[in-house]
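Student: missing the sequence, but the structure's below:
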């Protein structure tokens, strides 16, 4: 009898801690992969891919037991749609301040991500010194997003609309003087060919190789959806230094 009462008492305590957020269940619906950190100044910039198989959420904080960690290129909580999104060098990512000793190539840097609904999720970013000439190396030198300046008489154009269905939101992209070419990605630049990069607020959703992109369900609030046109080698098409871009606002009740 006493054992039964003890078990019930423990269950009540655990439930109370669970609800209060002191003891949280593991976020098994979040699959976080490709967690890497590249040199950025004397510190590091961490990126990752987030696959969310549950309800939409927000990424609201980051910390590390190793050094100070903070979001870069993020003005507010980052929307995490029901689907795939990422922290990337050309969007929001994590800046890790220099530690007492320089980071060694291959070292694992601990990070704790705090989600609005899922709670804390711990990951480790592998510190990697990028290959010379790569995009990561370019970003480590402090440069912004690489661009390709368009001088053609008929430059690429892009328009963006969104629709909602029972699975969430879908972006529909209309282009002129531009052709999607998945088979040539990572190759040499060919005028008028390439792919698009899709951003939700400060998060990067991914690359787009067609006129439609499934975003998934979104958390409540107002979300800025943005699409840029990019060359095969991932530079943003630009006119007078400004990327060729289309934007729209998604309102979610």
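Tutor: Thanks, I have the structure now. Remember, it's a predicted structure, so these values are computed and weren't measured experimentally.

Student: report how many residues lie close to residue 250.
Tutor: Counted by other C-beta atoms under 10 Å, the residues lying close to residue 250 total 18. C-beta: built from backbone N, CA, C; applies to glycine.

Student: can you tell me which helices and strands whichever helix or strand it is part of packs against?
Tutor: Per DSSP states H and E, residue 250 falls inside strand 245-252. On a contact count with 3 or more C-beta pairs under 8 Å, 6 or more residues apart in numbering; DSSP states H and E, strand 245-252 meets strand 157-165, strand 221-230.

Student: chain center to that strand: distance?
Tutor: Put simply, strand 245-252 sits 17 Å off its chain's centre (C-alpha atoms, centre = their mean, to the nearest Å).

Student: pretty sure residue 158 contacts residue 229?
Tutor: Yes: assessed by C-beta atoms under 8 Å, residue 158 is found in contact with residue 229 at 5.4 Å.

Student: so for the two, which sits in the more crowded spot?
Tutor: Taking neighbours as other C-beta under 10 Å, residue 158 and residue 229 compare with residue 229 leading, 28 against 19.

Student: on that earlier part again, what do residue 158 and residue 229 both touch?
Tutor: By C-beta atoms under 8 Å, 6 or more residues apart in numbering, residue 158 and residue 229 have these common neighbours: 175, 178, 196, 244, 245.

Student: wait, what's in contact with the third one?
Tutor: For residue 196, the residues meeting the contact criterion (C-beta under 8 Å, 6+ apart) are 158, 173, 180, 207, 208, 209, 227, 228, 229, 230.

Student: averaging pLDDT per element, find the lowest-scoring helix or strand in this structure.
Tutor: Every helix and strand of the chain was ranked by mean pLDDT, DSSP states H and E. The lowest is helix 2-20, at a mean of 39.

Student: on that earlier part again, which one of the shared contacts of residue 158 and residue 229 is nearest to residue 33?
Tutor: Using C-beta to C-beta, residue 196 comes nearest to residue 33 of these, at 22.5 Å.

Student: tell me which element that closest one is part of?
Tutor: With DSSP H and E as the test, residue 196 turns up in strand 193-200.

Student: mind checking the end-to-end distance for stretch 115-132?
Tutor: By C-alpha to C-alpha, to the nearest Å, the extent of stretch 115-132 from end to end equals 35 Å.

Student: over to stretch 174-192?
Tutor: End-to-end distance of stretch 174-192 (C-alpha to C-alpha): 14 Å.
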